[in-house]
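A.B. asks: Here's my sequence, what's the structure:
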Amino acid sequence: MKYSGDHQRIEPVSRNTLSPPAVAKIILNGFDRHYALFRYGAQRAKSLFESGAWRDIQQLSRERIEYYDTRVHECTTTLNAALKGSLAKPGDASADRALTAEQLDFWQEVKTEYIGLLGSHKQPECAETFFNSVSCRILHRDYFHNDFLFVRPALATEYIESKPPSYRVYYPTTEGLEKSLINMVADFGLAAPFADLPADARRVARMAVRQLRQRIPRDTGQRLAPDCQVHVLNSLFFRNKGAYVVGRLINQGAVFPFALALLRTPAGHTVIDALLHTTDDLSTLFSFTRAYFLVDMEAPSAYVHFLNTLLPRKPKAEIYSTIGLQKQGKTLFYRDFLQHLSHSRDAFDVSPGIKGMVMTVFSLPSYPYVFKLIRDRIAKPGMDHATVRRKYQMVKKHDRVGRMADTWEYSQVALPRARFSDTLLAELRSEVPSLIEETGESIILRHVYIERRMTPLNLYLARASDMAAEAAVRQYGDAIRELAAANIFPGDMLFKNFGVTRLGRVVFYDYDEIQRMTEMNFRRIPPAPYEEAELASEPWYPVGPNDVFPEEFGHFLLGNARIARAFNKYHAELLDAEWWQSCRSQAAQGRIEDIFPYDSSRRLHNATVQNTTFTL
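C.D. replies: All right, here's what the predicted structure looks like:
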């Protein structure tokens with residue numbers, strides 16, 4: 001499947017030809033154009049990997065995030081022009097915004113016709129989401145309900161398959177494990193020669209056998225069963241400089257997930273760098289703290305179903321997002337959330353921890369996410385709603401290197417008023433009145449960010465044992481180092497702005513002060529001209545808007561003795577302006593340290609990669 005610029009173009013529609021089938025066809029053509037571009041991007045990623053064009057892969061990944069909204073805007077513009085204002089628009093403030101019976105019937109027919117067009121479609125779930133996006137741009141929010149939107153999916157996706165099928169099958173007990181591995185990798189047809197594929201396959205096989213012997217029950221003789229199979233998804237997963245083979249070994253009904261990490265050497269050869277062989281390995285690879293993969297899928301639901309067998313604890317909403325279909329991830333997240341609301345009774349309440357100056361944060365104790373709204377009055381000079389939104393969009397498009405949480409951004413979210421605690425209602429009315437609307441039974445959030453809930457690092461450190469605290473402080477410093485390597489300066493590095501994940505990783509999640517490293521000026525504090533100057537309320541030296549003095553970090557981070565010991569043991573150089581200046585220089589040159597989404601113990605050999613690599 002190739003894409004050309006004229007493929008699936010949305011043509012203007014004259015008013016007298018606008019019937020429900022015509023409107024349904026316009027919307028589906030708009031989605032098909034979007035998905036053709038989406039797949040073309042993944043196909044480009046393969047050729048860019050083969051040529052070692054790492055900057056271009058990152059640029060492609062950033063640009064692809066905008067594809068969906070651009071296509072929705074195109075489609076909405078076409079329909080609005082054709083409909084001539086015959087349907088209520090979002091934000092219509094007129095008293096007479098009710099649709100006539102004829103208009104209600106018209107849009108219901110559009111949805112019915114659209115469902116009929118999806119019978120043999122390979123991406124029906126994503127096409128339904130696109131229909132919702134277009135409808136919400138045309139209709140007033142009073143009509144965002146089952147009659148006009150796909151609140152629930154209309155078509156099942158469990159058994160949709162592509163041609164060729166979404167995964168290939170290999171039989172290691174028939175052809176041998178090494179031969180299966182060689183065929184598996186060679187079948188991707190990379191136009192980038194391997195340095196020594198048979199040798200890499202032997203290394204993978206040895207590591208795999210060691211792991212399987214530990215996991216296969218002894219009463220089976222610790223052997224692979226005659227019907228043992230290896231299933232491998234038909235497309236490589238590309239991100240930054242890495243390409244990944246993703247699959248599963250099935251032996252007597254047990255599923256063993258795995259991924260092979262492919263890298264390129266300075267000589268332009270491809271090597272198998274690592275074997276990821278546990279669910280936690282795969283969870284880290286597909287983490288919500290990393291950039292989205294570029295992967296070519298004709299039937300995305302088949303890929304999501306496959307990945308869900310490898311990552312049973314990861315919600316499908318997050319899987320859709322991590323493979324680049326974040327709008328579908330948002331749809332599934334919201335459906336899951338509504339389902340949870342209907343099966344729970346606890347109340348939304350203010351989240352525990354130190355309150356921030358920019359965001360009001362609340363949560364539902366029984367649900368593992370937090371809801372963040374930008375305060376009306378931000379007590380930081382130069383900070384406003386538009387600036388905060390730009391920072392969050394910057395993070396969305398940036399390589400998050402496993403250290404920044406992804407967010408879902410929603411508008412016009414209606415939640416049951418009865419589920420809000422009195423404390424939370426009072427806070428919302430006081431801090432974010434412009435972002436809420438109260439109706440008889442609902443609280444409507446005009447704009448909200450939703451993030452996976454983590455334990456705030458300051459609370460974690462307060463309760464942790466000495467050993468756990470030391471590990472967390474080491475992770476904290478590693479997070480700052482890796483963010484700096486990715487050209488991100490966190491700005492506010494207080495522990496309360498970092499969280500601890502289920503796997504013990506420390507992740508940054510407060511983005512209102514982030515800036516690129518290349519925008520900062522890291523300085524040493526000059527000597528005081530006289531002793532009394534150090535006691536003055538104002539500094540004796542000029543301070544520019546982007547000046548940073550790393551030696552000051554210790555004053556607000558290291559007041560606790562055990563935290564100071566751990567920090568100085570692993571990360572003392574983070575208090576040195578010269579270390580930051582060196583990182584800034586490397587970022588300015590495009591030289592970024594390799595940041596692997598897997599532990600060094602998973603690597604097969606110490607393959608040297610190009611000095612100008614980007615994060616994996």
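A.B. asks: count of neighbours near residue 373?
C.D. replies: 22 (other CB atoms under 10 Å). Bear in mind the C-beta positions are built from the backbone N, C-alpha and C, glycine included.
A.B. asks: List phi and psi for the residue nearest to residue 552 when sequence neighbours are not counted.
C.D. replies: Nearest non-adjacent residue to residue 552, counting by CB to CB, 6 or more residues apart in numbering: residue 525, 7.4 Å away. Phi and psi for residue 525, reported as degrees, to the nearest 10, are phi -70, psi 120.
A.B. asks: what helix or strand does residue 261 sit in?
C.D. replies: Taking DSSP states H and E as the criterion, residue 261 maps to strand 254-264.
A.B. asks: What residues of that strand count as buried?
C.D. replies: By neighbour count on 16 or more other CB atoms under 10 Å, the buried set for strand 254-264 is 256, 257, 258, 259, 260, 261, 262, 263, 264.
A.B. asks: Go through those and say which is closest to residue 250.
C.D. replies: residue 256 (7.6 Å; CB to CB).
A.B. asks: Surely the closest one touches residue 247?
C.D. replies: No. If you go by CB atoms under 8 Å, residue 256 and residue 247 don't touch, sitting 9.5 Å apart.
A.B. asks: Give the next helix or strand downstream of the strand holding residue 261.
C.D. replies: Next along from strand 254-264, by DSSP H and E: strand 270-276.
A.B. asks: other SSEs contacting that next one?
C.D. replies: helix 197-215, strand 254-264 (3 or more CB pairs under 8 Å, 6 or more residues apart in numbering; DSSP states H and E).
A.B. asks: what is the orientation angle of the longest one with strand 270-276?
C.D. replies: In other words, helix 197-215. 0 degrees (axes from the mean of the first three to the mean of the last three CA atoms, to 10 degrees).
A.B. asks: List the neighbours of helix 197-215 that are in contact with it.
C.D. replies: 177-179, 181-182, 185-186, 194, 222, 224, 249, 251, 254, 256, 258, 260, 271-272, 275, 277, 604-605 (CB atoms under 8 Å, 6 or more residues apart in numbering).
A.B. asks: Got the domain ranges for the chain?
C.D. replies: 15-143, 167-340, 344-453, 457-596 (automatic domain parsing).
A.B. asks: Distance to residue 161 and mean pLDDT added to those, as JSON lines?
C.D. replies: As requested, the domains of the chain are exported to JSON lines (distance: least, CB to CB, whole Å; pLDDT from 0 to 100):
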{"stretch": "domain 15-143", "distance to residue 161": "9", "mean pLDDT": "85"}
{"stretch": "domain 167-340", "distance to residue 161": "6", "mean pLDDT": "92"}
{"stretch": "domain 344-453", "distance to residue 161": "29", "mean pLDDT": "93"}
{"stretch": "domain 457-596", "distance to residue 161": "33", "mean pLDDT": "91"}
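A.B. asks: Out of these, flag the one nearest residue 150.
C.D. replies: domain 15-143 (4.0 Å).
A.B. asks: What segments of the stretch 101-250 of the chain are helices?
C.D. replies: 101-117, 124-138, 172-175, 177-186, 197-215 (DSSP state H, counting those that start in this stretch).
A.B. asks: buried stuff in the first one?
C.D. replies: This points to helix 101-117. Quick answer for helix 101-117 (16+ other CB under 10 Å): 103, 106, 107, 110, 111, 113, 114, 115, 117.
A.B. asks: could you dump it to PDB, C-alpha only?
C.D. replies: Written as PDB, here are the backbone C-alpha positions of helix 101-117 (Å, rounded to 0.1, in the frame of the first residue of the first chain):
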ATOM      1  CA  ALA A 101     -37.000  16.800  13.700                       C
ATOM      2  CA  GLU A 102     -35.900  16.800  10.100                       C
ATOM      3  CA  GLN A 103     -32.300  17.600  11.100                       C
ATOM      4  CA  LEU A 104     -32.300  15.000  13.900                       C
ATOM      5  CA  ASP A 105     -33.500  12.400  11.400                       C
ATOM      6  CA  PHE A 106     -30.900  13.500   8.900                       C
ATOM      7  CA  TRP A 107     -27.900  13.100  11.200                       C
ATOM      8  CA  GLN A 108     -29.300   9.700  12.500                       C
ATOM      9  CA  GLU A 109     -29.400   8.600   8.900                       C
ATOM     10  CA  VAL A 110     -25.800   9.700   8.400                       C
ATOM     11  CA  LYS A 111     -24.700   7.500  11.200                       C
ATOM     12  CA  THR A 112     -26.700   4.600   9.900                       C
ATOM     13  CA  GLU A 113     -25.200   4.900   6.400                       C
ATOM     14  CA  TYR A 114     -21.700   5.200   7.900                       C
ATOM     15  CA  ILE A 115     -22.100   2.000   9.800                       C
ATOM     16  CA  GLY A 116     -23.100   0.300   6.600                       C
ATOM     17  CA  LEU A 117     -19.900   1.500   4.900                       C
END
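A.B. asks: dump the residue contacts of residue 356.
C.D. replies: For residue 356, the contacting residues are 496, 510, by CB under 8 Å, 6+ apart.
A.B. asks: and it, helix, strand or coil?
C.D. replies: Put simply, residue 356 is coil when judged by DSSP: H, G, I helix; E, B strand; the rest coil.
A.B. asks: Look up how far residue 363 lies from it.
C.D. replies: According to CB to CB, to the nearest Å, residue 356 and residue 363 sit 14 Å apart.
A.B. asks: Likewise for residue 185?
C.D. replies: 44 Å.
A.B. asks: for residue 211, same thing?
C.D. replies: With CB to CB as the criterion, residue 211 and residue 363 are 38 Å apart.
A.B. asks: possible to save the helices and strands packed on strand 270-276 as a markdown table with distance to residue 389?
C.D. replies: Formatted as a markdown table, those follow (distance: least, CB to CB, whole Å):
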| stretch | distance to residue 389 |
| --- | --- |
| helix 197-215 | 45 |
| strand 254-264 | 35 |
